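**Student:** sequence unknown, structure follows:
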């Protein structure tokens, strides 16, 4: 798997993240096959469009399928399904698998690699983190507001040739990709942003991130929550540089009136990834003996606030 | 002021609480004068009605006025304005005052006695806590669902003859009234319930108190918040009996699908008394060095959630 150009890739979960990263690979000439549900007919008719700050990328002949059986065995599967639908992977993935198929979860939060390892064997599991502002604005149409870096790593052990190959492939597709030495560490680092900003955007009454930063109380809460996550990560062996909180605040200031993905889901009445983001972080932190009272409160509130979505 | 029957009483803020307690006194033959705004014309035409579980009390000749200037100097002023309108007291109260006028705040939360003391002198300030389920269902029509006990005390120092006289007056009007040895202690004790249940009912997405108790996470949060308030009260010198939390849970179970007053206000788009309940409790607790992280989080969330109400 040194050169992915000759390999067959599937994307399971063609929401904003799956469509964007899969679309970038397809536009760069990789053989990418998208599993689609609601967008299938429209993408078959008109292809996919990625609206980037620098211009539009059209993928007129995107390979879209309604089932993984039609796609068949692949060398690599990018999984970007919402974690609230993880239960479906048990039946979606097997038709895509041959002995050396690699599964790469691009999903949010904690516990996804473990889930795939449990079902399909840990050796084939990789993970990627996407630091990106995206929105699916219409069937097959993804708007990219900014950022986009990825960190890609192995679930078990050190980076392998395949890890480097995937990073190279994304780089070739114009993505700022790098190797993640420790996937767990990267996931906790991402939670430093997701826990406060995705969470408070819902709990404070559907507010964008600039509103959180402009309000004294909410800004304090965001900082306290970041401190809790950094403290929990430290208990689990992941130390982050001093200044990470300030850096996250700066980063967030640059986003303007950005709606975190969880808020977009919540407003649309769709399921919110409460368990993989706040629930699993809370469970792992508690188990490690970290003090996470505010994370707990946010988790309990969000669990109730989002229970009616599907 | 041994016998209030000969004295002139004003009620400022004739919402549910002011109309109910003032109405009970008026029906018992006391000289009660109501300051009214929206209900004025209707009450002048038809009087007031208190719908009690045991039957209806009519006050056909309720003394209703559109300004405190028309009422003129009184011996006692019952203040039941929403605390979010406290700013208006600076101009509403002076026409009612003579040298020995007593001001009794029946308002929610903390800081109201201090506010009146600052403006009009601490010697004349008393306070009352109302443990009651009321709703103003139409102009001049108050529905009384249950409970109704009052605790009345002096802002400064021990109970005086006037404290006993006011308790007697309310008793004569059929109210279960008692002397509050320490008003501050009673107010903190009331917050043990109001902080979690009024607060979570809004923050968890407009839920009634039975929903809070039925949800594992929210029930834990209610307990933790009660612990924080009891801890803060202890730092301020107010100790409560062991078992208060269990007793509050039991009490709340008996309420069924009850909507706390703050939730009713919030749903109706009316101002919520965030500062006098959560804000002032948080400020006093922090000043006393108490650990109130969850109270703080709830306060900051509620401040944002309710900011658009008026």
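**Tutor:** Perfect, I can see it now. Note that the coordinates shown come from a computational prediction; the quantities given were computed from them, not determined experimentally.

**Student:** How many residues are close by residue A:248?
**Tutor:** When neighbours are counted by other CB atoms under 10 Å in any protein chain shown, residue A:248 registers 18. Every residue, glycine included, has its C-beta placed from N, CA and C.

**Student:** Tell me who's in contact with it.
**Tutor:** For residue A:248, the contact set (CB atoms under 8 Å, 6 or more residues apart in numbering or on different chains) comprises A:192, A:193, A:226.

**Student:** now do 10 Å
**Tutor:** Taking CB atoms under 10 Å, 6 or more residues apart in numbering or on different chains as the criterion, residue A:248 is in contact with A:189, A:192, A:193, A:196, A:197, A:222, A:223, A:226.

**Student:** do the same with residue A:184
**Tutor:** Residues near residue A:184 by CB under 10 Å, 6+ apart: A:110, A:113, A:127, A:153, A:155, A:233, A:236, A:237, A:238, A:284.

**Student:** cool, residue A:42 as well?
**Tutor:** A:36, A:48, A:64, A:138, A:139, A:140, A:141.

**Student:** Count the residues that sit near residue A:65.
**Tutor:** Counted with other CB under 10 Å, residues neighbouring residue A:65 total 18.

**Student:** Give the phi and psi angles for the closest residue to it other than its chain neighbours, as a check.
**Tutor:** In this structure, residue A:65 finds its nearest non-sequential neighbour in residue A:71, 5.1 Å apart by CB to CB, 6 or more residues apart in numbering or on different chains. Backbone torsions of residue A:71, given as degrees, to the nearest 10, read phi -70, psi -50.

**Student:** what does the average pLDDT come to for stretch A:133-145?
**Tutor:** For stretch A:133-145, mean pLDDT is 90.

**Student:** for it, the distance to its chain's centre please.
**Tutor:** 14 Å (CA atoms, centre = their mean, to the nearest Å).

**Student:** swap in stretch A:42-59?
**Tutor:** Using CA atoms, centre = their mean, the mean C-alpha position of stretch A:42-59 is found 20 Å from that of the whole chain.

**Student:** And stretch A:113-128, by the same measure?
**Tutor:** 15 Å.

**Student:** same question, stretch A:154-171
**Tutor:** Taking CA atoms, centre = their mean, one finds stretch A:154-171 lying 17 Å from the centre of the chain it belongs to.

**Student:** for the record, mean pLDDT for that stretch?
**Tutor:** Rounded to a whole number, the mean pLDDT of stretch A:154-171 is 94.

**Student:** which of the residues in it are buried?
**Tutor:** For stretch A:154-171, a neighbour-count test (16 or more other CB atoms under 10 Å in any protein chain shown) marks A:154, A:155, A:159, A:162, A:163, A:165, A:166, A:167, A:169, A:170 as buried.

**Student:** do stretch A:296-310 as well
**Tutor:** Neighbour-count burial for stretch A:296-310 flags A:296, A:297, A:298, A:299, A:300, A:301, A:302, A:303, A:304, A:305, A:306 (criterion: 16+ other CB under 10 Å).

**Student:** Is there proximity between that stretch and chain B?
**Tutor:** Yes - against chain B, stretch A:296-310 shows contacts by CB under 10 Å from any CB of the partner chain at A:296-308.

**Student:** Assess the claim that residue A:115 and residue A:88 are in contact.
**Tutor:** No - look at residue A:115 against residue A:88 with CB atoms under 10 Å: they stay out of range, at 11.7 Å.

**Student:** Out of the two, name the residue with the larger neighbour count.
**Tutor:** residue A:115 (19 against 13).

**Student:** So which residues make contact with the helix or strand containing that one?
**Tutor:** Using DSSP states H and E, residue A:115 maps to helix A:112-120. Applying CB under 10 Å, 6+ apart, the contact partners of helix A:112-120 are A:77, A:79, A:81, A:83, A:86-87, A:89-90, A:93-94, A:96-97, A:101, A:103-107, A:122-127, A:153-156, A:183-184, A:187, A:273, A:276, A:280.

**Student:** who's in contact with the residue sitting furthest away from the middle of chain A?
**Tutor:** Relative to the C-alpha centroid of chain A, counting by CA atoms, centre = their mean, residue A:216 is the outermost residue, at 29.2 Å. Neighbour list for residue A:216: B:300, B:303 [criterion: CB under 10 Å, 6+ apart].

**Student:** roughly how far apart are it and residue B:111?
**Tutor:** Going from residue A:216 to residue B:111 by CB to CB, to the nearest Å gives 19 Å.

**Student:** before we move on, what about residue A:308?
**Tutor:** When residue A:308 is compared with residue B:111 (using CB to CB), they lie 37 Å apart.
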